[in-house]
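Participant: Okay, predicted coordinates and the sequence, questions at the end:
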Amino acid sequence: MTALTTSPRLAPPTVRVRESYLTGEQADMVHRGSDTSWLADASRDFAQFVADRVGVRERWGVPSEVFWFTAEEHYIGSLVIRHQLPKDDLGGHIGYHVVHPWQRQGHATTMLGQALTIARGLGLDRALLTVAADNAPSLGVVRRNGGTPDGTNSDGQLRFWIDTPTAP
């Protein structure tokens, strides 16, 4: 595994991490047995792929923003912050994903912590996260960030509320 010389941080998607994004996402998709065909389009015009992900856009029927967790030229994962909850109960404010080569190193915990600060800046006093009951790693991430259980949604996913940090 590559040793990082700087601490990763959430930032808008960038072409700077093209190679590590494409290889990281491919490795992750292969590891999960998922379709990788979408990566062909991304690799053909990565600048457009990135441009389509920058800024506040309507996704899932609500304003949302995509962030990538990077350190220099290394892409580690992605995160979405929904500025408000969707009308159905099938998602929360924040969703995150660490690509397989970087998993189990504390990155998701750090990503979520940084996202909670961004969410506070958007005016959210607390954020809802939903997690599959059998996703032990993600349950740990949510708990380490102060998640308080709040039942399940209609898909059977566990719901957690996390207070966003106040400014010092």
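Facilitator: The structure has been received and is ready for your questions. Numbering: from 1, shown residues only.

Participant: which residue ranges form the helices in this protein?
Facilitator: With DSSP state H, the ranges of helices along the chain come out as 18-32, 38-44, 46-51, 107-121, 136-144.

Participant: Please identify the deepest-packed of the ones you listed.
Facilitator: Greatest average neighbour count among the helices of the chain goes to helix 107-121 (a mean of 20), per mean count of other CB atoms under 10 Å. Every residue, glycine included, has its C-beta placed from N, CA and C.

Participant: In TSV: the helices of the chain, plus mean pLDDT.
Facilitator: Formatted as TSV, the helices of the chain follow (pLDDT from 0 to 100):
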stretch	mean pLDDT
helix 18-32	91
helix 38-44	90
helix 46-51	96
helix 107-121	96
helix 136-144	96
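
Participant: Quick one, which of those gets closest to Trp68.
Facilitator: Ranking those by proximity to Trp68 (CB to CB) places helix 18-32 first, at 7.4 Å.

Participant: other SSEs contacting the closest one?
Facilitator: Using 3 or more CB pairs under 8 Å, 6 or more residues apart in numbering; DSSP states H and E, the elements in contact with helix 18-32 are helix 38-44, helix 46-51, strand 74-82.

Participant: switch the cut-off to 7 Å
Facilitator: Counting contacts by 3 or more CB pairs under 7 Å, 6 or more residues apart in numbering; DSSP states H and E, helix 18-32 packs against helix 38-44, strand 74-82.

Participant: Reformat the ones you listed as a markdown table; add distance to Ala132.
Facilitator: Formatted as a markdown table, those follow (distance: least, CB to CB, whole Å):
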| stretch | distance to Ala132 |
| --- | --- |
| helix 38-44 | 22 |
| strand 74-82 | 17 |
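
Participant: Of all those, which one is nearest His100?
Facilitator: Closest approach to His100 among those is made by strand 74-82 (10.0 Å; CB to CB).
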